[in-house]
Structures are given as structure tokens and as C-alpha cells.
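Q: pasted the sequence and its predicted model underneath.
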Amino acid sequence: MKSLYETDFYAWTQEQVKLLKEQAWHHLDVLNLIEELEDLGRRERQELRNRLGLLLGHLLKALQLVETLHVKSVLTCW
């Protein structure tokens, strides 16, 4: 028989939350909780890296645009 974790992930998460709130430590699905927390941490870290890379790309484009506009304004003054 498959576990709730394998058949209905959302229901499993809700059950784990309920057990945590009740401090029913002996009923928790500790191994799967550990796995999910580790995965969550990795996903969050990767998402942060992706967003920082995107932000850096936008900043570099903005700097390039400012430099281009500055050069054009200097050239039009001549």
C-alpha cells in the first residue's frame, strides 16, 4: 500500500503541518520531511541565483544604454 506522501502530496503536507502544530513528533514522516526541506532549500537557492543573474543582466544593459546615450550626446555637441 502506498503512503499518503506518494498518493496525495498536498494532503500529506497538510497532515504534517497538523502534526507539527500538535507537537505529535512520533507521528511525523521524518524521512520525507527531511527530503522535502532539503529540496526546498536547494530550489530557493537556485531561484535566488537565477533572479540575481537576471538582475545583473538588466543592470549591465542599463549601464551600456547610459554609456551609449552619453556618447551620442557628446557627439551631437560637436
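A: Received the coordinates, thanks.
Q: so which helix or strand takes in residue 71?
A: Take DSSP states H and E as the rule and residue 71 turns out to sit in helix 30-77.
Q: which strands and helices sit next to that helix?
A: Taking 3 or more Cβ pairs under 8 Å, 6 or more residues apart in numbering; DSSP states H and E as contact, there are no helices or strands that helix 30-77 lies on. Placement of C-beta: from N, CA and C, glycine included.
Q: and residue 24, its phi and psi?
A: Residue 24 adopts backbone torsions of phi -90, psi 70, taken as degrees, to the nearest 10.
Q: tally of neighbours for it?
A: 10 (other Cβ atoms under 10 Å).
Q: what about it, distance to residue 60?
A: As judged by Cβ to Cβ, to the nearest Å, residue 24 and residue 60 stand 52 Å apart.
Q: can you mark which positions in stretch 14-22 are buried?
A: 15, 16, 19 (16 or more other Cβ atoms under 10 Å).
Q: ditto for stretch 29-41
A: 29, 32, 33, 36.
Q: is it possible to export those to CSV including distance to residue 74 and pLDDT?
A: Output for those, formatted as CSV (distance: Cβ to Cβ, whole Å; pLDDT from 0 to 100):
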residue, distance to residue 74, pLDDT
29, 66, 98
32, 63, 98
33, 61, 98
36, 57, 98
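Q: any chance of these in a markdown table, plus distance to residue 76?
A: As requested, the buried residues of stretch 29-41 are exported to a markdown table (distance: Cβ to Cβ, whole Å):
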| residue | distance to residue 76 |
| --- | --- |
| 29 | 68 |
| 32 | 65 |
| 33 | 64 |
| 36 | 59 |
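Q: residue 77: which of those is nearest?
A: residue 36 (61.4 Å; Cβ to Cβ).
Q: for residue 42, give its distance to residue 32.
A: Distance from residue 42 to residue 32, by Cβ to Cβ: 16 Å.
Q: how far away is residue 9 from residue 65?
A: For residue 9, the distance to residue 65 - Cβ to Cβ - is 45 Å.
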